[in-house]
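with the input below, show me the fold.
(chains A and B)
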Amino acid sequence: MEKYRVRFAPSPTGPLHIGGARSALFNYLLARKSGGEFIVRIEDTDLERSSKESEVNIRESLAWLGLDADESVWDGGEFGPYRQTERLEIYKKYADQLLAEGKAYYCYCSEEEIEAERAAQMEKGDMPMYSGKCMHLSEEQKAAYIAEGRKPVIRLHVPHGDKLVVDDAVRGVVTFESDGVGDFVIVKSDGIPTYNFAVVVDDHLMQISHVIRAEEHLSNTPRQIAVHNALGWDVPKYAHISLILGEDRKKMSKRHGATSVTQYEKLGYLPEAVFNFLALLGWSPGGEEEILTKEEIIERFSLEAVSKSPAVFDMEKLKWLNGHYIRQSSIERLVGLAIPYLQSEGYLKEEVTEADVQWVTLIMQALQEKIHTINDIGEFMHLFVGEDITIEDEEAKEVLADPDVPTVINALKEHLAALPEWNAEDVKKIFKTISKETGLKGKKVFMPIRVALTGQMHGPDLHFIIPVLGPELVAKRLQKTVNM
RNA sequence: GGCAUGUUGGAGAAGCGGCUUAACUCACCAGCCUUUCACGCUGGCAUUCACGGGUUCGAAUCCCGUACAUGUCACCA
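You can find the predicted model right below:
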């Protein structure tokens, strides 16, 4: 297949959004699949809103997801610089060229004038667009404006009567009338290029073969094509991928919960789960299996299979996927992820001892099968910590009222006392022994112990819980719940 | 308001004119397994593809209209 030389070009105006991450992912997938290049460029021409922190966050989020770039702001490359504010003289050169060729012109209109014009057009039901009145200003008029202290912008003259055709890999051919575009600003009054201009210059100079980005840019594409035309450059291939919607079918935003990659990391999601999930939003592998490794996704991904319609972000499915990957993980890895969480929740001190690691290891063995995210362990911690427990409900109380309870608990205490070291395997054996000795089976053995130790009717396997608690807590809890 | 895009079950989706009495996955429901819960397994879950018209022997699939949703129309990207 042809090589995809693609780019992800975020604006550093906030943490990496989940939608941005998906755009980055699709670009990455195609680059890797075709043996091409994945480039990360920073579009920071909005001086007001761009920040270094956001740029750092974007870098870290991409790294966390495993979307490694071949060329980027951070690691360089032969088509740099990769930060737009460092490319200003390049844009100036092309803006000057357009000016000299009469394809662009200075516009001295004030924002108020433009605003009034736009309002009037909207009123009439027309598509608002600049009238072009500054295109043929005389030298005297220009001088007068300059004397007034007006700072001009540069507008691209978009020829009338043209068709601007976007050949889109996911949407097919989409045609726009150039009459509906208008002469738009390519360089702001402070000399900084606008997005629609800088993007075109960069994509051309960086030899981008395919522009793959979110659907919200589709309506901007004719403007960019107009710039390509004015500069006499060929257009790249385009692919506009659908938006990610929240559960209410509105564009994903704060009120839908976590929107940034960083938040998912903090909530205890695994990068491979997010990677897998994001790939499934708007793309389907076709077969029965949806749990796929990075390599399998790269292998099977294609733009032809990308859906046109927007996708709703289903948190339940992400959780299911994450749970799957947690069950696949090694205990060591889970322990490493759980420790920072337990520290932040106050279960562990800053200083982590060998004994702490042991303790967390036992906990993760107990919980690996139960949790969907690392942070889910918070819901279970009361099982492992503290002497005080509350009996969940009436049903649980009834369990403890059974006449066989003292027999079971005594047998448990006796056997545990005889155990040199408490581990899951040996504790499991004890249960078998108790069952044999007392002639009691299944629930009659496990439920009294479970309720006496945790106050609850269900939870992780008891043979995992008991070693976590250790002799001291077991004794104290039994004392409180069954007074034994 | 103009322009653009989209509309298959609660969600992601397959489907590209007859093989569809619409795959598969999540969720949900039932059963099995299991010391409980979960995991896992088995089965159930759209007579119908936003709606209306047309083309065709035949349409979820092609065409037109309507509705709804979203995007865009910035000296934001």
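
how about the helix or strand of chain A with the lowest mean pLDDT: buried residues?
The least trusted helix or strand in chain A, going by mean pLDDT, DSSP states H and E, turns out to be helix A:394-401, with a mean of 76. If you call a residue buried by 16 or more other C-beta atoms under 10 Å, then helix A:394-401 has these buried ones: A:396, A:399-400. Every residue, glycine included, has its C-beta placed from N, CA and C.

C-terminal to that helix, what's the next element?
helix A:405-417 (DSSP states H and E).

is that next one positioned near RNA strand B?
No - residues of helix A:405-417 are not located near RNA strand B by C-beta under 7 Å from any atom of the strand, the shortest gap being 11.9 Å.

in that helix, what counts as buried?
Within helix A:405-417, the residues that count as buried by 16+ other C-beta under 10 Å are A:405, A:407-409, A:411-412, A:415-416.

residue A:145: which of those is nearest?
Closest approach between these and residue A:145, by C-beta to C-beta: residue A:416, at 90.6 Å.

how far does the longest helix anywhere in chain A sit from its chain's centre?
Taking DSSP state H as the criterion, chain A has its longest helix at helix A:462-482. Here the centre of helix A:462-482 is set off from its chain's centre by 41 Å, with C-alpha atoms, centre = their mean, to the nearest Å.

so what does it touch, helix or strand wise?
Packing partners of helix A:462-482 (3 or more C-beta pairs under 8 Å, 6 or more residues apart in numbering; DSSP states H and E): helix A:354-367, helix A:381-384, helix A:405-417, helix A:424-438, helix A:443-454.

thinking again about what came up before, neighbouring contacts of the least confident helix or strand of chain A?
A:391, A:405, A:447-448, A:451-452, A:455-457, A:481-482 (C-beta atoms under 8 Å, 6 or more residues apart in numbering).

just the CA coordinates for it, please, in PDB.
Only the C-alpha atoms of helix A:394-401 are listed here, as PDB (Å, rounded to 0.1, in the frame of the first residue of the first chain):
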ATOM      1  CA  GLU A 394     -30.400  -8.700  58.100                       C
ATOM      2  CA  GLU A 395     -29.500 -11.600  55.900                       C
ATOM      3  CA  ALA A 396     -25.900 -11.400  57.000                       C
ATOM      4  CA  LYS A 397     -27.000 -11.200  60.700                       C
ATOM      5  CA  GLU A 398     -29.000 -14.400  60.100                       C
ATOM      6  CA  VAL A 399     -25.900 -16.100  58.800                       C
ATOM      7  CA  LEU A 400     -24.100 -15.300  62.100                       C
ATOM      8  CA  ALA A 401     -27.100 -16.500  64.100                       C
END
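
that one close to RNA strand B?
No - using C-beta under 7 Å from any atom of the strand, helix A:394-401 stays clear of RNA strand B, coming no nearer than 10.0 Å.

show me where the stretch 51-200 of chain A has helices.
Secondary structure of the stretch 51-200 of chain A (DSSP state H, counting those that start in this stretch): helices at A:52-65, A:88-100, A:111-124, A:139-147, A:195-205.

most packed of those?
Most buried of the helices of the stretch 51-200 of chain A by mean neighbour count (mean count of other C-beta atoms under 10 Å) is helix A:195-205; its value is a mean of 22.

picking that back up, could I get the helices of the stretch 51-200 of chain A as CSV with mean pLDDT?
Converted to CSV, these look like this (pLDDT from 0 to 100):
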stretch, mean pLDDT
helix A:52-65, 96
helix A:88-100, 95
helix A:111-124, 79
helix A:139-147, 88
helix A:195-205, 96
